[in-house]
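[1] coords below, sequence missing:
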Ligand code: CO
C-alpha cells in the first residue's frame, strides 16, 4: 500500500509537468505564405540556359569601368544594383552602363540594413536613390535589391505594392566580399550557377573583377546565355508539377523516355 502511494506521488508531478508543456513544434518550419514567396525573386524557372549576372554596391570609379570593358568584349548585359551615394559621385559611369545595355537597379542610398530602420527612412533610402538614378540615366529603376537581402515582410509589401519595385535576391553567392581570391570566386560561381540563376557579386572588389574573365569564358563554354534581371523575369516559365515516380512499377514495363529517345 505504501509502495503504491509512493509510486503515485512520484508520478503526479511528472504528469503535471508534461501537461504544462506547449504542444510540440512542427518538425519542419512552415514555408512562408504564398504571397510572400512571390514577392521576392531569388531565381526563376526558365526553358533555356538563361542567367543574370548582378553586381552590387557600385559604381566604383576604378573597377566598374574595367568590368564594363570586359562585359562589352563578351557582349554580355548585366544588372548593376547601385548605391545612391556612389551614383551621385559618378553619374557618368551609370550613364555608360545604361548606354551599353546594362540594367540599373536600386540598392539603397547608403547601404543600411533596411529591416532595422523606420519605414520613413526606408522610403527615403529608396526614393533618393531612385531620383539619383533617374537623373543620371533618364529612366527609373524597377528592381530593388535590399542590402544584405534584409527586409521585413511588411517592408517587402510596401516596396512592392506602393513603391513599384520587384525585389530581387539571388541564388548564387560566391561571398566575393570576403575576398577569398579570384579563383575561389570563379569556382563558386561556376559550381552553383544553373539555368534561371541570379548571380550575386560586387564590382567594388578588385578580386571580383579579376575573377570575371575566366568566369565569363567558362560560363559561356557551359552554354549559358546572359540576360538582365528584367529580361530573366520575362523569360520565366511555370514550374512544372513534379513528375510522379511510379512506386513498385513492374520492371518489365519499358521506359517511354528511353523508347522515345533514339538520339540519346
Ligand atoms: Co550591397
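    Nice, thanks for sending it over. What you are looking at is a predicted structure, and each value in this text was computed from that prediction instead of being measured.
[2] Could you find the closest non-adjacent residue to the residue in the stretch 101-250 of the chain positioned nearest to the ion?
    Here the residue of the stretch 101-250 of the chain nearest the ion is residue 147; by CB to the ion that distance is 4.7 Å. To be clear about C-beta, it is placed using only N, CA and C from the backbone, and glycine gets the same treatment. Leaving aside its chain neighbours, residue 147 sits nearest to residue 111 (4.6 Å; criterion: CB to CB, 6 or more residues apart in numbering).
[3] Residues of this structure that sit close to the ion?
    With CB under 5 Å from the ion as the criterion, the chain comes near the ion at residues 56, 57, 147.
[4] which of these lies closest to residue 160?
    The shortest gap between residue 160 and any of those belongs to residue 147, at 17.0 Å (CB to CB).
[5] can I assume that closest one is in contact with residue 113?
    Yes. Assessed by CB atoms under 8 Å, residue 147 is found in contact with residue 113 at 6.4 Å.
[6] so where do the helices sit in this structure?
    Secondary structure of the chain (DSSP state H): helices located at 2-20, 34-39, 63-74, 84-89, 91-99, 119-137, 153-161, 182-192, 206-221, 229-234, 256-259.
[7] can you redo those helices as TSV with mean neighbour count and mean pLDDT?
    Supplementary listing: the helices of the chain in TSV, determined by neighbours: other CB atoms under 10 Å; pLDDT from 0 to 100:
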stretch	mean neighbour count	mean pLDDT
helix 2-20	9	44
helix 34-39	12	63
helix 63-74	17	98
helix 84-89	19	98
helix 91-99	18	98
helix 119-137	18	98
helix 153-161	16	96
helix 182-192	19	98
helix 206-221	19	98
helix 229-234	18	98
helix 256-259	8	41
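[8] show me the contacts for the closest residue to residue 236 other than its chain neighbours.
    With CB to CB, 6+ apart as the measure, residue 44 is the residue that lies nearest to residue 236, at 4.3 Å, once sequence neighbours are left out. Under the criterion of CB atoms under 8 Å, 6 or more residues apart in numbering, the neighbours of residue 44 are 196, 198, 232, 233, 235, 236.
[9] Could you check how far residue 71 is from residue 51?
    14 Å (CB to CB, to the nearest Å).
[10] cool, and residue 238?
    Taking CB to CB as the measure, residue 238 and residue 51 are separated by 19 Å.
[11] The two: which has the busier surroundings?
    The residue with more neighbours, out of residue 238 and residue 51, is residue 51; 25 against 7, by other CB atoms under 10 Å.
[12] ok so, going back, need the helices of the chain in JSON lines with distance to residue 107, can you?
    JSON lines is the format used below for the helices of the chain (distance: least, CB to CB, whole Å):
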{"stretch": "helix 2-20", "distance to residue 107": "49"}
{"stretch": "helix 34-39", "distance to residue 107": "18"}
{"stretch": "helix 63-74", "distance to residue 107": "13"}
{"stretch": "helix 84-89", "distance to residue 107": "8"}
{"stretch": "helix 91-99", "distance to residue 107": "12"}
{"stretch": "helix 119-137", "distance to residue 107": "7"}
{"stretch": "helix 153-161", "distance to residue 107": "13"}
{"stretch": "helix 182-192", "distance to residue 107": "19"}
{"stretch": "helix 206-221", "distance to residue 107": "15"}
{"stretch": "helix 229-234", "distance to residue 107": "12"}
{"stretch": "helix 256-259", "distance to residue 107": "44"}
